[in-house]
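Q: Kindly generate the corresponding structure for this input.
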Amino acid sequence: MGAMRAAIAFLVLTLVACGGSEDETTHPPANYFPDPPLWNEYIVGYAETINLAEGVSIQFTAVESDSRCPVNVQCVDAGNAQILLTTFTPRGQLAVHVNTNTPPRNAVFDFYGVELRGLTPEPVLNPQTGSSAIPLSSYEARVFVIKAAPLQPPGPY
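A: Numbers count the residues shown, from 1 in each chain. Now for the predicted structure:
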């Protein structure tokens, strides 16, 4: 019985001694935000969701069209890509459509706003296949998220 108590005490001391070091796995880096603030630019990958302050989330839901001019081709105009973002707030969700080169480049949802500032990668024409298709999983949207209006508490008018 005494040997068993000694073994348990040794095991406890070993666990305590091993768990005493502090590194970035136990403490997040100084620039970590548990709820990233609004009024910032973020990169969101295709089918990914970013969770921000105030219960706001932005999901890159779909690439609805991409007619942007390939970077290795001379075109009359730059073309356009349209993506669908699903926005979430404590009051609900809303689908918004934003474009790279034609209006609307931004949208308002609830009391917030989102602007599409870029979409990567840019198309490149493959001369062998004649295609400039981009795999959906490669897309990343650069979005700027704002609080468009302060929340007003309900009250008499």
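
Q: And for residue 74, the neighbour number?
A: Residues lying near residue 74 (other CB atoms under 10 Å) number 6. For the C-beta atoms, the positions are set from N, CA and C on the backbone; glycine is no exception.

Q: mind checking which helix or strand it is in?
A: Using DSSP states H and E, residue 74 maps to neither a helix nor a strand.

Q: Residue 87 now?
A: Per DSSP H and E: residue 87 is located in strand 81-89.

Q: Give the next helix or strand downstream of that strand.
A: Trace forward from strand 81-89 with DSSP H and E and the next one is strand 92-99.

Q: Within the sheet, what are the partner strands of that following strand, with directions?
A: Here strand 92-99 is paired, per DSSP bridges, with strand 81-89 (antiparallel).

Q: Export only the CA atoms of the strand it pairs with, formatted as PDB.
A: Extracted in PDB, the C-alpha atoms of strand 81-89 (Å, rounded to 0.1, in the frame of the first residue of the first chain):
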ATOM      1  CA  ALA A  81     -16.000  38.800 -60.000                       C
ATOM      2  CA  GLN A  82     -19.100  38.600 -57.800                       C
ATOM      3  CA  ILE A  83     -19.100  36.700 -54.500                       C
ATOM      4  CA  LEU A  84     -21.700  35.900 -52.000                       C
ATOM      5  CA  LEU A  85     -21.000  36.600 -48.300                       C
ATOM      6  CA  THR A  86     -23.300  35.300 -45.600                       C
ATOM      7  CA  THR A  87     -23.300  37.800 -42.700                       C
ATOM      8  CA  PHE A  88     -24.300  37.000 -39.200                       C
ATOM      9  CA  THR A  89     -25.200  39.300 -36.300                       C
END
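
Q: How far off centre is it?
A: 11 Å (CA atoms, centre = their mean, to the nearest Å).

Q: Check which residues of it are buried.
A: Residues of strand 81-89 classed as buried: 81, 82, 83, 85, 86, 87, 88, 89 (neighbour count, 16 or more other CB atoms under 10 Å).
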